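Engineer: model the structure of this input:
(2 chains, ligands or ions: 2)
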There are 2 protein chains.
Amino acid sequence: MIATDHKASLKGGEFLIKETDASQVFIPEEFSEEQQMIAATCREFLEREIWTRLDEIDQAKSPDLIASLMDKAGELGLLGTSVPEEYGGFGMNFNTSMLVTEVTGAGHSFSVALSAHTGIGTLPIVYYGNDDQKSKYLPKLATGEWKAAYCLTEPDSGSDANSGKTKAKLTEDGKHYVINGQKMWITNGGFADLFIVFAKIDDGSGQPDKNLSAFIIEKDFGGITMNEPEHKMGIKGSDTRQIFFNDCKVPVENLLSTRGNGFKIAVNILNIGRIKLGVAAVGGSKEVINNAIRYANERKQFNTLISSFGAIKHKLAEMAVKVYACETACYRAGQNIDDLIETLKANGLGDSEAKLKALEQFAIECAMMKVHGSEALDYVVDEGVQVYGGMGYSADAPMDRAYRDARINRIFEGTNEINRMLTVDMILKRTMKGELDLMGPAMAVSKEIMSIPDFSADEEEVLFAAEKKVLRNLKKAILMVAGAAVQKLMTKLSDEQEILMNLADMVIELYVAESVLLRVEKLTGLKGESSVALQKDLALVYLHEAVEKVNNAGRAAISSFAEGDELRVMLMGLKRFTKIEPLNLKDTRRRIADAMIAENKYIF
Amino acid sequence: MIATDHKASLKGGEFLIKETDASQVFIPEEFSEEQQMIAATCREFLEREIWTRLDEIDQAKSPDLIASLMDKAGELGLLGTSVPEEYGGFGMNFNTSMLVTEVTGAGHSFSVALSAHTGIGTLPIVYYGNDDQKSKYLPKLATGEWKAAYCLTEPDSGSDANSGKTKAKLTEDGKHYVINGQKMWITNGGFADLFIVFAKIDDGSGQPDKNLSAFIIEKDFGGITMNEPEHKMGIKGSDTRQIFFNDCKVPVENLLSTRGNGFKIAVNILNIGRIKLGVAAVGGSKEVINNAIRYANERKQFNTLISSFGAIKHKLAEMAVKVYACETACYRAGQNIDDLIETLKANGLGDSEAKLKALEQFAIECAMMKVHGSEALDYVVDEGVQVYGGMGYSADAPMDRAYRDARINRIFEGTNEINRMLTVDMILKRTMKGELDLMGPAMAVSKEIMSIPDFSADEEEVLFAAEKKVLRNLKKAILMVAGAAVQKLMTKLSDEQEILMNLADMVIELYVAESVLLRVEKLTGLKGESSVALQKDLALVYLHEAVEKVNNAGRAAISSFAEGDELRVMLMGLKRFTKIEPLNLKDTRRRIADAMIAENKYIF
Ligand SMILES: Cc1cc2nc3c(=O)[nH]c(=O)nc-3n(C[C@H](O)[C@H](O)[C@H](O)COP(=O)(O)OP(=O)(O)OC[C@H]3O[C@@H](n4cnc5c(N)ncnc54)[C@H](O)[C@@H]3O)c2cc1C
Ligand SMILES: Cc1cc2nc3c(=O)[nH]c(=O)nc-3n(C[C@H](O)[C@H](O)[C@H](O)COP(=O)(O)OP(=O)(O)OC[C@H]3O[C@@H](n4cnc5c(N)ncnc54)[C@H](O)[C@@H]3O)c2cc1C
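Structural biologist: Residues are numbered from 1 along each chain as shown, chains lettered A, B, ... in the order given. Ligands and ions are numbered 1, 2, ... in the order given. This next block holds a predicted model:
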């Protein structure tokens, strides 16, 4: 075993300017036996209780079925993973809860119900509840005796979550808040016993607060009505409601955290939701890949198994590359979060506070993984449908559901547009605040592009030396483009969303490419080069694709704000920084596909 | 008016090596008043009969509703567009029938039923029927008194259509064929009165034919049973069946064309189906774009109409660019087909024969437009969902249906993988046969890449001189890669499907980019430069994206078969041939989007 030194890991966003040592990253191969057993339990649960009745779940006329499945999950302990032990949960660390989320992510509608309950439904109390609130509610939520929903979105308030109109008016005796308003798209709404509700307090001064506050509302408080479940493209078994609060009377003790802190709660809880959505997409993707491989290994056309066709191998390999890379980056970030929690706790911070601070520190990575995971999944299901041909379009085969269910992930927990912009926005804000030193390195790059390229002899013969140089160059490309964009557009940059999108794409690709390379480097150290040849293939394909994407996005960005000489110099700089030795990607992908085809499943 | 000289147009596939004069292409702006009235009639029909009951159509428990809508379409004459007048139809030329297909392409399930009837259901008789067959069946099909289905696919025979197991056994008295077998995925199966059925004749010699034959089978011949309608991801109102032929007795007169000619019939009819699918996708896309613009012009977040956000403008413009380009290429090819039909008829060929020959000549373009149209549509619906945010996932808003319905188009009429490979395959076969002279130009290019680039002064100041040079270079890029691939891999190329896919992508992008540039050039001549500024924007965005795609696909191809010096020389050649002056695509897209946002609809 190589000694791991997670604690020296970088701050959120720092991957842009610093290198990470492979010893510092956590890789999924390091999950302990106990963690693997937990994963196996989750998987067995899906196999036994969920996959056997996917149609039934989606066609259910009432939410009773999905609620009863939640009960069963609760009996097994699946609902208490992130609830501290003192409140009846298991208090697992972050990456273990990520692992649970990954595996259960293949549960279609059930996954959504599960993560709404355990994530956005329960975590606000875990992180922001006071002792009374925790003692009162968490034990019930951890077992599933009570089920939770999260009510943030309103008809006129989606991406702009802080603009909600729901009001909380203090009663004259100061003992209650009376909630009035309308919430929309509320997952688990139909059977929830407890609602985390965001509203603006109006204490009678006439003007409601500018910021949201969060409330814990029991269904039995009364004044809660709802519409029939929404009809949706997919996750049809997940109960989604419009909910009306009509003079719903909430004891003041049920204000969560402090007045006006609701938006912050919402944002921080969504952070967790985002990276978990990313890793859930990995779990969903793996199942789709398994199905695609199995089908391709059964279906013959032209007297040939379609898995023998290059066109199909290409798809299978691409699916695997994207998912392997996404998985890698998710757990890398997850471990960073765990490590920081430990460090902060060692420095005296309380549990919740440490967790919140750590999650905030890695909010950039959380947003990135939401985007990456949901888009990897959409790629996988789309090609999954295609591998099945006509059967891909049939409701009697698995791809139809996978395709429809996947599509929600680019929309909820913040649309991917919002998360892309957040990614860049957070990076720039940290830079402005001096928390992230992009300016220095960006200046160095802008000098470098004016100088003659360095043709000096190549680096020492260390593992992945060439690829690491590529990564360093990608960082330079990003610094060059981001630096110039900021300098040129200043405060106007936020109106140039197209450029923000380009930058986000560049940053995401870099982060994931670096992650997957670090994983394989570490793995090589653990297992020896010959036994990780396929993993190296995965990493190289990802890296090459990332370089292409960074190049394309970089060019789009540069030509959107630069002109004349500046344009030309930067395009040349970009070319220099996105150089990579050509590789026969076809053969590389075929090796990846062939290995999976031989085993008849996703094997990485 | 500029004189148009369509007749000088190129042969199928020749766009790869020759230039087309703008005067030679047909552009949609040239549709006559009569054609526009026909289009308006179709549109009114959709508005009145279809869009008012989309839910009803998709939820119908029996095929009666869709069949009755076909009756109404028949009353209006929509079913007889391609049936010759002497058989009760309108005998419209090809591009007029394309226009009808485009407009009705926005009819969701109804479009599919309509085009299965008028296309693959009716056209085999139009093109291959003898006089008796035509007189007997076409008048009924042209009015919709009878409805038709097309039975090619079987459970074990999809992409490999010629491998079907359905048998046709001649009776001892030689008067009938007895059909036995199972067909699958048969559109309109549940209410069709007539089936075009492909089967292999077994005349008692023990061994069935190697090739399919085609039969016209009336439902009343008996021996036909079917399963319940398939449950599908989308086009739920389109009736899709598994059909069983059990000793179905067909008079020998109902053999279509000659024994063993069935596969050829299937292929040629699919040719038409493919380009029509492409243009139907254009019609579907425009409706989705309209909805997306309208929604973006209504929905506010952050106190701002979301149509004001750059991220949304980017999507709207991209949708328009792809669809405008696809439309352009579809009608360009359509007119080529019409022109060749005229020429061939003038040279003495019969109507059907002329049409078939013309369609065969442009089979490459038909396959390309199938791929391009279906992928443009999938892009459009995907971004359409995204523009709607959460409402994009709701079955109560239009994007859910659009998204699900669109997905079939990459699967049927030959999967896009099959059509991509066919595109390249047909080009190479014609080259081998000497019908297409790729070799000469390819040799010239391979010399050129070994020589010093030509830095001579730029061309004369003619319209789009720079862009035309880009197109010429793209052709060189394709010739370089295709030529080298053929030389290097020879007969092994067909096993290297990934490279075929790359080549197909390059060819398709070139064809569409050239088409859209020619359209705008012609339009400039007709209307003056200032009134087509936006169209120029559309063309330039498309061209830039095409160059990027050709570059990416080219690199993938080259590094899949070349090594060492050859690899390096070709990559340099590719770089040279995919050079394009940078353009601020963001601003260009914003102009396109802003114009549509101002008009609240797709306006090109
Ligand atoms: C099935 C489902 C389950 C859900 N579950 C829950 C739940 O349990 N609890 C809950 O509170 N909510 C839930 N939601 C709501 C979900 O979080 C929102 O739908 C999502 O945040 C998007 O908001 P919106 O639908 O209002 O879209 P909008 O915000 O209206 O977005 C429409 C489009 O505009 C874009 N856009 C918006 N603002 C900007 C901007 N500033 N710049 C550029 N583009 C912008 C978006 O990216 C999107 O493309 C759920 C939604 C669905 C569909
Ligand atoms: C809703 C619907 C309506 C339809 N309507 C009709 C109809 O009216 N009449 C009719 O006859 N048929 C109809 N079809 C059938 C349709 O044409 C076939 O589904 C289609 O041709 C694909 O065949 P398949 O489903 O057998 O897929 P397969 O051929 O099994 O293909 C599976 C996968 O393998 C790939 N593949 C296959 N061969 C190769 C190869 N040589 N190289 C590389 N990749 C390969 C495909 O691209 C695909 O990705 C319909 C299908 C559907 C779903």
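Engineer: got the phi/psi numbers for A:C248?
Structural biologist: Listed backbone geometry of A:C248 is phi -80, psi 120, with angles given as degrees, to the nearest 10.
Engineer: would you list every one of the strands in the stretch 301-450 of chain A?
Structural biologist: A:304-305 (DSSP state E, counting those that start in this stretch).
Engineer: thinking A:Q59 is in contact with A:R401, fair?
Structural biologist: No - shown here, A:Q59 and A:R401 do not form a contact pair, counting by C-beta atoms under 8 Å, at 11.4 Å. For glycine as for every other residue, the C-beta is placed from the backbone atoms N, C-alpha and C.
Engineer: these two: who's more crowded?
Structural biologist: Taking neighbours as other C-beta atoms under 10 Å in any protein chain shown, A:Q59 and A:R401 compare with A:R401 leading, 21 against 11.
Engineer: contacting residues for the more buried one?
Structural biologist: Under the criterion of C-beta atoms under 8 Å, 6 or more residues apart in numbering or on different chains, the contact list for A:R401 reads A:54, A:58, A:108, A:234, A:395.
Engineer: and it, how far is that from B:R404?
Structural biologist: Plainly put, A:R401 is 12 Å away from B:R404 if you go by C-beta to C-beta, to the nearest Å.
Engineer: could you count how many residues lie near A:C326?
Structural biologist: The number of residues packed near A:C326 is 27, by other C-beta under 10 Å.
Engineer: and the pLDDT at it?
Structural biologist: Reading off the confidence values, A:C326 has pLDDT 98.
Engineer: and A:H6, what's its pLDDT?
Structural biologist: Reading off the confidence values, A:H6 has pLDDT 50.
Engineer: typed the wrong thing, it's A:D400
Structural biologist: Confidence score, pLDDT, at A:D400: 98.
Engineer: kindly report the same for A:S451.
Structural biologist: In this prediction, A:S451 carries a pLDDT score of 83.
Engineer: strands of chain A, start to end?
Structural biologist: Along chain A, the segments classed as strands by DSSP state E run A:148-151, A:167-170, A:176-187, A:194-202, A:213-218, A:224-226, A:240-251, A:255-256, A:300-301, A:304-305.
Engineer: centre of the chain to the last one, how far?
Structural biologist: Centroid separation for strand A:304-305 versus its chain: 37 Å, with C-alpha atoms, centre = their mean, to the nearest Å.
Engineer: so for B:K210, which of the strands of chain A sits nearest?
Structural biologist: Taking C-beta to C-beta as the criterion, B:K210 comes closest to strand A:300-301 out of these, the separation being 17.0 Å.
Engineer: direction included, what does the closest one pair against?
Structural biologist: Sheet pairing for strand A:300-301, assigned by DSSP bridges, gives strand A:304-305 (antiparallel).
Engineer: and the strand it pairs with, is it in reach of ligand 2?
Structural biologist: No - judged by C-beta under 6 Å from any ligand atom, strand A:304-305 and ligand 2 are separated, with a smallest distance of 7.1 Å.
Engineer: A:A442 is in contact with A:G483, correct?
Structural biologist: Yes - with contact taken as C-beta under 8 Å, A:G483 and A:A442 are classed as touching, separated by 3.2 Å.
Engineer: quick check: neighbours shared by those two?
Structural biologist: In terms of C-beta under 8 Å, 6+ apart, A:G483 and A:A442 are not both contacted by any residue.
Engineer: the more surrounded of those two?
Structural biologist: For A:G483 against A:A442, the residue with the higher neighbour count under other C-beta under 10 Å is A:A442, and the figures read 23 against 19.
Engineer: so who does the more buried one touch?
Structural biologist: Residues touching A:A442, when contacts are defined by C-beta under 8 Å, 6+ apart, comprise A:479-480, A:482-483.
Engineer: so how far is A:V541 from A:K575?
Structural biologist: Counting by C-beta to C-beta, the separation of A:K575 from A:V541 is 22 Å.
Engineer: again, but for A:L10
Structural biologist: Using C-beta to C-beta, one obtains 25 Å as the distance from A:L10 to A:V541.
Engineer: and A:L114, by the same measure?
Structural biologist: The span separating A:L114 from A:V541 equals 33 Å under the rule C-beta to C-beta.
Engineer: ok, now which ones touch the nearest residue to A:K276 once chain neighbours are set aside?
Structural biologist: Leaving aside its chain neighbours, A:K276 sits nearest to A:T101 (4.6 Å; criterion: C-beta to C-beta, 6 or more residues apart in numbering or on different chains). A:T101 makes contact with A:115, A:276, A:279-280, A:283 under the criterion C-beta under 8 Å, 6+ apart.
Engineer: how about a cut-off of 6 Å?
Structural biologist: A:276, A:279-280 (C-beta atoms under 6 Å, 6 or more residues apart in numbering or on different chains).
Engineer: which pLDDT value goes with it?
Structural biologist: For A:T101, the model assigns a pLDDT of 97.
Engineer: same question for A:E459.
Structural biologist: Per-residue confidence for A:E459 comes out at a pLDDT of 57.
Engineer: and A:F455, by the same measure?
Structural biologist: Reported pLDDT at A:F455 in the predicted model: 66.
Engineer: and A:L305, how far from A:K313?
Structural biologist: Using C-beta to C-beta, A:L305 is found at 11 Å from A:K313.
Engineer: swap in A:E545?
Structural biologist: Distance from A:E545 to A:K313, counting by C-beta to C-beta: 16 Å.
Engineer: the two - which one has more neighbours?
Structural biologist: Regarding A:E545 and A:K313, a neighbour count based on other C-beta under 10 Å identifies A:K313 as having more, with 24 against 20.
Engineer: in contact with the residue of chain A found nearest ligand 2, which residues?
Structural biologist: Ligand 2 sits closest to A:G389 of chain A, with a gap of 2.2 Å, by C-beta to the nearest ligand atom. With contact taken as C-beta under 6 Å, 6+ apart, A:G389 is in contact with B:G158.
Engineer: how about the residues of the stretch 451-600 of chain A by ligand 1?
Structural biologist: Taking C-beta under 6 Å from any ligand atom, the part of the stretch 451-600 of chain A that reaches ligand 1 is made up of A:Q497.
Engineer: quick one, what contacts the nearest residue to A:L503 once chain neighbours are set aside?
Structural biologist: In space, not counting the residues next to it along the chain, A:L503 is nearest to A:V424; the distance is 4.8 Å by C-beta to C-beta, 6+ apart. Residues near A:V424 by C-beta under 6 Å, 6+ apart: A:500, A:503-504.
Engineer: pLDDT for those - can I get that in JSON lines?
Structural biologist: JSON lines is the format used below for the contacts of A:V424 (pLDDT from 0 to 100):
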{"residue": "A:L500", "pLDDT": "98"}
{"residue": "A:L503", "pLDDT": "98"}
{"residue": "A:A504", "pLDDT": "98"}
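Engineer: give me the buried positions along stretch A:187-206.
Structural biologist: When burial is assessed from 16 or more other C-beta atoms under 10 Å in any protein chain shown, stretch A:187-206 yields the following buried residues: A:187-202.
Engineer: and chain A, which residues reach ligand 1?
Structural biologist: Near ligand 1, the residues belonging to chain A are A:116, A:150-153, A:158-159, A:185-187, A:232, A:240, A:408, A:411-412, A:414-415, A:417-418, A:497 when assessed by C-beta under 6 Å from any ligand atom.
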